[in-house]
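> what follows is a protein structure lacking sequence information:
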């Protein structure tokens with residue numbers, strides 16, 4: 001088993017910044033029928049939403065993946081200004097006795113430096129597709145996990161409107 005971690009944006013604002021994290025899991029034949037648990041360790045000052053796929057999360061904030069689940073999407077963000085520089089996001093996948101950990105680097109920058117951002121269009125399209133399908137997928141075989149809805153009770157800030165990949169759909 002192995003997994004790939006991708007960010008929608010190559011960098012994120014250190015104050016009220018937002019990005020999306022896409023984790024794709026490739027399972028070998030031995031692990032294909034086993035459920036997995038996925039855990040994310042974020043640097044101080046960076047937070048995450050519940051997973052955008054709607055998978056259940058346990059009390060340790062581990063995402064519970066069924067035997068057929070191969071990806072997880074998260075929105076990550078900062079609420080207050082944090083130190084600029086490089087930070088690491090650690091992703092760990094638990095499969096029975098086997099534990100695999102991988103890191104991805106995240107650049108935290110000022111608003112002025114965001115002009116140099118590179119967008120991963122595949123991640124952006126996957127976020128948009130997931131949001132489109134979340135309301136129309138009645139035949140999905142995920143009846144064994146409860147669906148989680150994200151309710152935003154606040155207005156988006158100007159920075160969120162500017163950098164949020166799914167703003168047009170909010």
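Happy to help now that I have it. None of the values given here were measured: they were computed from a predicted structure.
> ok, residue 6 to residue 158 distance?
Distance from residue 6 to residue 158, counting by CB to CB, to the nearest Å: 26 Å. Using the backbone N, CA and C atoms, a C-beta is placed for each residue, glycine as well.
> who has more neighbours, the two?
residue 6 (14 against 8; other CB atoms under 10 Å).
> contacting residues around that one?
21, 22, 23, 24, 104, 120, 122, 123 (CB atoms under 8 Å, 6 or more residues apart in numbering).
> state the helix or strand in which the second one lies.
With secondary structure defined by DSSP states H and E, residue 22 is part of strand 18-26.
> which elements pack onto that strand?
strand 2-7, strand 36-41, strand 71-78, strand 85-95, helix 121-136, helix 158-163 (3 or more CB pairs under 8 Å, 6 or more residues apart in numbering; DSSP states H and E).
> mind running it again at 7 Å?
Where contact means 3 or more CB pairs under 7 Å, 6 or more residues apart in numbering; DSSP states H and E, strand 18-26 is packed against strand 2-7, strand 71-78, strand 85-95, helix 121-136.
> so how far is stretch 38-51 from its chain's centroid?
In terms of CA atoms, centre = their mean, to the nearest Å, the centre of stretch 38-51 is found 8 Å from the chain centre.
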